[in-house]
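*Asks:* sequence and predicted structure are below.
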Amino acid sequence: MSDHSHNDNASHTSHGGGHAPPDSFEVRVLRQDSPGQASYWERHRVKYEPEMNVISVLQQIAAHATDVDGKRVAPVVWDCNCLEEVCGACTMLINGRVRQSCSALVDNLLAEHPGEIELSPMSKFPVVRDLMVDRGRLFRALQKVEAWIPVDGYYDMGPGPRQSQSTQEQTYPLSECMSCGCCLDACPQYLKVELTREEGESEADFEARKRAAYDEGFIGAHAISQVVLFNMNPTGKMQAGERLDAMMEEGGLMVCGNAQNCVAVCPKRIPLTTSIARAGRATTVRMVQKWFGK
Amino acid sequence: MAKKRVMIVGGGLAGLAAAMKLAEVGIEVDLMSLTPVKRSHSVCAQGGINSCNDLTRQQGDTEWKHFDDTVYGGDFLQHQPPVKEMAYWGPKIIDLMDRLGVTFNRTPEGFLDRRRFGGTLYKRTAFAGATTGQQLLYALDEQVRRWETAGMIKKYEFWDFLGPIVDDQGICRGCVGQDLVSMEIRSFPADGVIVASGGAGLIYGRSTMSMACTGSAASRCYQAGVKYGNPEFIQVHPTAVPGADKLRLMSESARGEGGRVWVPRTPHDPRNPMSIPETERYYFLEERYPKYGNLVPRDIATREIFDICVNEGLSVDKDRQCVYLDLTHIERSELNRKLGGILEIYEKFQGVDPRDTPMKIFPAVHYFMGGLWCDYQKSADGGLVVGSPKNQVTNIPNLYAIGECDYQYHGGNRLGANSLLSCIFSGLIVAPGVEALLQNSQGAAADLPASLFAQAKKQHQERHNQLLKNAGGENPYLVHQELGEVMTKAATVVRRNAQLEAAYETVSALQERARNCSLSDTGSWTNQNVVFTKALQDMFPMAKAILRGAILRDECRGAHYKPDFGMPALASTDDAARHQEAQEWCDRFEVNNQKFLKSTIATYTPSGPEITYEDIDTSLIPPRPRLYGLVGAEVIEQVWKERQAAKDSKSGNGAGVGGAGKVAATP
Ligand SMILES: Cc1cc2nc3c(=O)[nH]c(=O)nc-3n(C[C@H](O)[C@H](O)[C@H](O)COP(=O)(O)OP(=O)(O)OC[C@H]3O[C@@H](n4cnc5c(N)ncnc54)[C@H](O)[C@@H]3O)c2cc1C
Ligand code: SF4
Ligand code: SF4
Ligand code: FES
């Protein structure tokens, strides 16, 4: 893989050389109590410990639950699970850049921005509370493009089709997509869709209205890349046309303006622009085939 | 009549496998999970998944041998029929996952590539890069999404399972859950409830597990009356990277590729490790085990690293336990080629390049062999009757347990790459049984009197409201930290009764404190504080079961190591005397087995666990000593074989169906 400037492995920062670590540092968090309410900044002072990441910073804030002036505040809400950058849960904006908070090391952040770290929620998804957002739309896109292998069933039918090493080397990186949403947050074409449940609206009706609104918006780079993944699988190929059709609908591939922001922020270094180009060629062919009624 | 439905709690490998299989046979499923199921802990598994395969078969491997390795590795503490069935399903499960599109590594000819893992001689392990668990989980997640789109599965993500609903006949009729966003508490009628909630690493504070591995769901079932099996059996992985938030796994392959473990001979030597000369380094594994060196088995490596830090005081750092795992003597290019993926993880999270600086590692809690007790129906050939509603059912009818939260498959110790298999297997095997249950049961749970469900909801709502009001002054996060410290100290690698007893007292006191937590968030919208506090309170019954089980088990078995009750190595050098000693060793081994070759069964009571023991079905492979690394192992083995042969000729029996004659320990 080519190098990406976002991938700040600490090899850049010098350890043990020069500056002594600070005793503490300040963390500014953009908070919001619930959907639709105004957001506000809150400042916290956090004791420095070696090898901290943003998760351990948030854990410290939760344990102390006092702001920089010693005022009692509710612990900051955020989302995480694996803490090793493989589940995709902990995405947020850190010093203004979208990324995973579990792999954001405090030493590196303080080297970039001495003395202070700034945390805010992802900008393209509705805030649930504080740093937690609702990424349901991202999973809805996977339904829309039928991102699965349509096997006959789960009885024993022997092994799957043989596949070459080179196919595996192409599909494996795509299947590492952890639905974190970084690529969507950074994409200029991916616009926030936020709906609120109306008085008297049933849960099911609200869900249906949300789905429809999501389907009108851009599906995003991650879903395009999944289509490429499934269309490369020998069995998945059999439904390639349907997946391409879904990408040609409203909110599909043509919305992409090729800004390439997505690929620069993907923590899994998924070759998203390559996928987009491949999908573009495949949909063109599909379109031509359809004209000729094939 | 309302339609019958099944509730599955947990969407890791086990829960998702069960969900898709149930949907396939036309049963509608509700799927509840703390996290979106795609983010479940199963994504963390790196190494791979085991099965006998076409290649190993031609080298003499069979499903039976996989079964045997699993049982031997588990020190014979598991009922054998489910393990046998699992081993025989292994190849089919991997075929299925292959068909579902898992991007397994391939051979040049396009077959699945395999690697070798601990505890076996065969290359049984299929893998997908360094993220096998993630790839397997995604394949199942995709199938579940397919059924969700078709309307057969309804997901309740960001929901917390608060407990099963058990009617006055003791039958499970559904469960209560809480929406983590709106904090709404709701009763879900269900004709079968399947708990697939994974391990409980958070009881130990930090472990290699994910943040959702609180054990709360399993504990809530235990407190509702489900028996808890083998609580004291907890696997500790020798090499994890200590972090402020998590202990991240460092794969065994680092040692496999030549990594050397050492500490400075001077305690807490402040020098840069690279400038510490060879003579001032203590390569303790190489010195203590000249034959195996750094590649001693997992449990031995774990104990030695622990010993060097805790008993010898030779930890690298003063304020925290760790030793060096050193790869710096190996060429960079070679490291990148063979270990690239895992070294990147270290670099990413530690901010240090392990190609230039030795890594700092320490053992960490990794896997729960024990879990919710569950049943099975044995078939004529010693496996399971597929389609029996008894498979995986707990002692509460209609309530099932599968995956890491059950106690069924790994006995005293789990082999690497066997858990992903047991999770998928138990998910697939539970489905036809639950299908039969639904076919045979009268009426649907949803048609039962509403009062049953209202009452259950009310009870949980009251607990919730009470917690919000509490003003005892304790901080749940700090109580949790203390719990983790006590448990890690007393109930991990080396266990001593006095320490365990003391820990039990401390844990009881902490439990009182946890009842007096004041919340820093008393709101009713996405309140993580109250959810965590509930989970914390529910850790104590399990912690106590772990400790009590460990106190009462005065022996060494699998991961449970109590040096005060170990089996001695042979001391004599004279042949005849050695032979005699081995006879006595075997006598003692048999006496010990009569007492302890039994599952520990914990039953919840408010004043602490009640412990009983359950006989184990060892009808397929007779138990034999697990001797890895013991001085005199060959003689003991020899004597053991002679005794078995004598017994067999007396009773006229073979040693087992296909295991006959394979008594020797795997080298
Ligand atoms: C770092 C690491 C590496 C590993 N590598 C391997 C390997 O290479 N090979 C191998 O075989 N095994 C490996 N294991 C073990 C294996 O990954 C796990 O045992 C397995 O993934 C557990 O799967 P599961 O389906 O039982 O549960 P999990 O994947 O843990 O899922 C549990 C589910 O339950 C839900 N849940 C939990 N509590 C609640 C609640 N109160 N309410 C609602 N939902 C709840 C969670 O949200 C989640 O969806 C590894 C483990 C670790 C920690
Ligand atoms: S290339 Fe397309 S998907 Fe990627 S950021 Fe640009 S517009 Fe968005
Ligand atoms: S493509 Fe990359 S950035 Fe986008 S969701 Fe997947 S892993 Fe995240
Ligand atoms: S917590 Fe899983 S990606 Fe950060």
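*Replies:* Looks like it arrived, so ask away. Quick caveat: nothing in here was measured; it's all calculated off a predicted structure. Ligands and ions are numbered 1, 2, ... in the order given.
*Asks:* can we go C-alpha only for contacts and neighbour counts from here?
*Replies:* OK.
*Asks:* disregarding residues adjacent in the polypeptide, which is nearest to B:Ala569?
*Replies:* Of all residues not flanking B:Ala569 in the chain, B:Val631 sits nearest, at 5.1 Å (C-alpha to C-alpha, 6 or more residues apart in numbering or on different chains).
*Asks:* check what pLDDT that neighbour gets.
*Replies:* At B:Val631, the pLDDT value in this model is 79.
*Asks:* what of A:Val29?
*Replies:* 98.
*Asks:* surely it is in a strand?
*Replies:* Yes. Judged by DSSP: H, G, I helix; E, B strand; the rest coil, A:Val29 forms part of a strand.
*Asks:* do you know how far the closest residue in space to it that isn't next to it in sequence is from A:Val73?
*Replies:* Spatial nearest neighbour of A:Val29, excluding adjacent residues (C-alpha to C-alpha, 6+ apart): A:Leu119 at 4.8 Å. Note on A:Leu119: its distance to A:Val73, by C-alpha to C-alpha, to the nearest Å, is 17 Å.
*Asks:* who has more neighbours, the two?
*Replies:* A:Leu119 (23 against 15; other C-alpha atoms under 10 Å in any protein chain shown).
*Asks:* walk me through which strands the one helix or strand the more buried one maps to pairs with, and which way each runs.
*Replies:* Secondary structure from DSSP states H and E places A:Leu119 in strand A:116-120. Here strand A:116-120 is paired, per DSSP bridges, with strand A:24-32 (parallel), strand A:91-94 (antiparallel).
*Asks:* buried residues in the helix or strand bottoming out on mean pLDDT in chain B?
*Replies:* None of the helices or strands of chain B scores lower by mean pLDDT, DSSP states H and E than helix B:253-256, at a mean of 81. Buried residues in helix B:253-256, counted by 16 or more other C-alpha atoms under 10 Å in any protein chain shown: B:254-255.
*Asks:* what's the neighbour count on the residue nearest to B:Glu280 when sequence neighbours are not counted?
*Replies:* Ranked by C-alpha to C-alpha, 6+ apart and with sequence neighbours excluded, the top spatial neighbour of B:Glu280 is B:Arg265, at 5.4 Å. A count of nearby residues for B:Arg265, using other C-alpha under 10 Å, gives 17.
*Asks:* same check on B:Ser649?
*Replies:* That count, for B:Ser649 with other C-alpha under 10 Å as the rule, works out to 11.
*Asks:* mind checking how far the helix or strand harbouring it is from the chain centre?
*Replies:* Per DSSP H and E, B:Ser649 falls inside helix B:633-651. Helix B:633-651 sits 33 Å away from the centroid of its parent chain (C-alpha atoms, centre = their mean, to the nearest Å).
*Asks:* mind listing what the residue nearest to the spatial centre of chain A touches?
*Replies:* Closest residue to the average C-alpha location of chain A: A:Gly181 at 1.5 Å, with C-alpha atoms, centre = their mean. Shown in contact with A:Gly181 (C-alpha atoms under 8 Å, 6 or more residues apart in numbering or on different chains): A:88, A:91, A:135, A:138, A:222.
*Asks:* retrieve the pLDDT associated with it.
*Replies:* A:Gly181 is given a pLDDT of 98.
*Asks:* over to A:His113?
*Replies:* pLDDT recorded at A:His113 is 91.
*Asks:* the stretch 301-450 of chain B: strands as residue ranges?
*Replies:* Remark: strands assigned in the stretch 301-450 of chain B by DSSP state E, counting those that start in this stretch are B:323-326, B:359-368, B:371-372, B:399-401.
*Asks:* nope, the stretch 51-200 of chain B is what I was after
*Replies:* Taking DSSP E, counting those that start in this stretch as the test, the strands found in the stretch 51-200 of chain B are B:114-115, B:125-126, B:153-157, B:159-166, B:172-179, B:185-189, B:192-195.
*Asks:* which of these is buried the deepest?
*Replies:* Highest mean neighbour count among these (mean count of other C-alpha atoms under 10 Å in any protein chain shown): strand B:192-195, with a mean of 28.
*Asks:* could you identify the helix or strand that succeeds it?
*Replies:* Following strand B:192-195 in sequence order, the next helix or strand is helix B:216-223 (DSSP H and E).
*Asks:* now do that next one: which elements does it pack against?
*Replies:* Applying 3 or more C-alpha pairs under 8 Å, 6 or more residues apart in numbering or on different chains; DSSP states H and E, one finds that helix B:216-223 makes contact with strand B:159-166, strand B:371-372, helix B:528-552.
*Asks:* give the buried residues for the helix or strand following the last one.
*Replies:* Going back to what we said before, that points to helix B:528-552. Sequence-wise, the next helix or strand downstream of helix B:528-552 (DSSP H and E) is helix B:575-596. Of all the residues in helix B:575-596, those buried under the rule 16+ other C-alpha under 10 Å are B:578-583, B:585-586, B:590, B:593, B:596.
*Asks:* B:Asn272 and B:Gly258, how far apart?
*Replies:* From B:Asn272 over to B:Gly258 the distance is 21 Å, taken as C-alpha to C-alpha.
*Asks:* give me the more crowded residue out of those two.
*Replies:* Comparing B:Asn272 with B:Gly258 by other C-alpha under 10 Å, the one with more neighbours is B:Gly258, at 16 against 9.
*Asks:* quick one: the more buried one and B:Glu331 touch, right?
*Replies:* No. B:Gly258 lies out of contact with B:Glu331 (C-alpha atoms under 8 Å); the separation is 11.1 Å.
*Asks:* if I pick the nearest residue to B:Arg116 once chain neighbours are set aside, what's in contact with it?
*Replies:* Closest residue to B:Arg116 apart from its sequence neighbours, by C-alpha to C-alpha, 6+ apart: B:Lys123 at 4.2 Å. Contacts for B:Lys123 (C-alpha under 8 Å, 6+ apart) come out as B:56, B:114-117.
*Asks:* what's around the nearest residue to A:Glu84 once chain neighbours are set aside, how many residues?
*Replies:* Leaving aside its sequence neighbours, A:Glu84 sits nearest to A:Cys102 (C-alpha to C-alpha, 6+ apart; 6.4 Å). Counted with other C-alpha under 10 Å, the neighbours of A:Cys102 add up to 25.
*Asks:* pretty sure A:Cys102 contacts A:Val57?
*Replies:* No. A:Cys102 is not in contact with A:Val57 according to C-alpha under 8 Å; the separation is 10.0 Å.
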